[in-house]
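> Attaching a predicted model along with its sequence, questions to come.
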Amino acid sequence: MREKIEEIIKRLEPLYPNAGLELKFKDPFQLLVGAILAAQESDKKINSLGDKIFEKYKSPKDIAQTPLEELEEDLKSVNFYRRKAKLLKSCCSALVSEFGGEVPKSVDEMTKLPGVGRKTANMVLGGSYNLPAIIVDRHFLRVSQRLGLTDKKDPDKVEMDLLEVVPENMRTKLSMLLINHGKNVCTARNPKCEECPLKDLCAYYNS
Ligand code: SF4
């Protein structure tokens with residue numbers, strides 16, 4: 001499995017030399033906020049909102065101290081903005097009270113924050129802190145299943161499967177590459193298998 005993963009990375013790297021997250025951010029706080037807001041919403045929408053809201057909200061304290069109604073008003077262009085405003089406010093209050101206003105650098109600590117699941121925590125860990133992280137978003141989930149890297153369906157179980165076989169120094173790289181491949185080639189509907197360099201390694205293609 002390790003050799004297969006190394007080969008996947010080797011073949012995808014030239015295709016996605018700048019593989020990374022689509023969400024724009026300048027620091028872990030902005031990525032955490034963006035990831036919470038991006039649930040059931042496009043990254044593009046969150047990026048354009050981010051240009052405005054991060055002028056006003058520069059730290060967790062700024063969000064924690066803002067009245068909920070005002071935060072809702074600022075977020076009302078995103079889906080489920082009321083629920084997300086509430087979660088963000090709780091999350092930022094916990095960041096201030098539990099972590100001194102700093103986004104922690106571990107999945108275990110981050111997932112104690114309201115609204116933060118393993119995917120979001122790993123996204124911040126790998127995307128902003130550049131630490132080893134298996135980021136199981138819907139693209140990673142689909143591509144890793146098709147490639148036969150896991151037979152699990154639950155994202156947390158997929159992460160655990162891959163943590164066992166992917167060396168630390170390859171985790172974030174593999175995550176970014178599979179996410180990019182899932183968006184561009186191994187799409188949910190009509191994957192472009194004929195132009196995929198992973199055909200001979202792919203359980204789905206060869207089944
Ligand atoms: S061969 Fe097809 S199914 Fe397999 S990884 Fe490539 S695009 Fe996805």
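Perfect, I can see it now.
> so who does Arg118 touch?
Val107, Thr111, Val136, Pro155, Asp156, Glu159 (Cβ atoms under 8 Å, 6 or more residues apart in numbering). C-betas here are computed from N, CA, C, even on glycine.
> do you know how far it is from Lys192?
Applying Cβ to Cβ, to the nearest Å, one obtains 29 Å for the distance of Arg118 from Lys192.
> Tell me the residues of the chain that contact the ligand?
The chain has residues 143, 146-147, 185-186, 191-193, 196, 198-199, 202, 204-205 near the ligand, with proximity defined as Cβ under 6 Å from any ligand atom.
> what's the farthest-apart pair in the residues you listed?
In the residues of the chain next to the ligand, two members sit farther apart than any others by Cβ to Cβ. They are Leu147 and Lys192, at 14.7 Å.
> who's more crowded, the two?
Leu147 (20 against 10; other Cβ atoms under 10 Å).
> So for the more buried one, what's the nearest residue that isn't a sequence neighbour?
Excluding its sequence neighbours, the residue lying closest to Leu147 (Cβ to Cβ, 6 or more residues apart in numbering) is Cys202, at 5.4 Å.
> List of residues touching stretch 153-173?
Contact partners of stretch 153-173, identified using Cβ under 8 Å, 6+ apart, comprise 1-2, 5-6, 9, 13, 19, 118-119, 122, 126-127, 130-136, 140-141, 144-145, 149-150, 152, 174.
> in this protein, which spans are helices?
The residue ranges that make up the helices of the chain, judged by DSSP state H, are 2-12, 28-37, 43-56, 60-64, 68-75, 81-99, 107-110, 118-127, 138-147, 155-165, 168-184.
> Adding mean pLDDT as columns, could you present these in a markdown table?
What follows is these, written out as a markdown table (pLDDT from 0 to 100):
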| stretch | mean pLDDT |
| --- | --- |
| helix 2-12 | 96 |
| helix 28-37 | 96 |
| helix 43-56 | 92 |
| helix 60-64 | 97 |
| helix 68-75 | 97 |
| helix 81-99 | 97 |
| helix 107-110 | 96 |
| helix 118-127 | 96 |
| helix 138-147 | 97 |
| helix 155-165 | 96 |
| helix 168-184 | 97 |
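> check contacts around the residue nearest to the spatial centre of the chain.
Residue closest to the average C-alpha location in the chain (Cα atoms, centre = their mean): Met123, at 3.7 Å. Counting by Cβ under 8 Å, 6+ apart, Met123 makes contact with Leu21, Leu31, Ala35, Ala133, Ile135, Asp137.
> Next: Leu147.
Neighbours of Leu147 in contact, by Cβ under 8 Å, 6+ apart: Lys4, Ile8, Leu198, Leu201, Cys202, Ala203, Tyr204.
> again with Ala85
Here Ala85 is in contact with Leu68, Leu71, Glu72, Leu75 (criterion: Cβ under 8 Å, 6+ apart).
> Would you quantify the distance from it to Ile53?
As for Ala85, its distance to Ile53 is 11 Å (criterion: Cβ to Cβ).
> Find residues that contact each of these two.
For the pair Ala85 and Ile53, residues contacting each of them under the criterion Cβ under 8 Å, 6+ apart are Leu75.
> With that, I have no additional questions.
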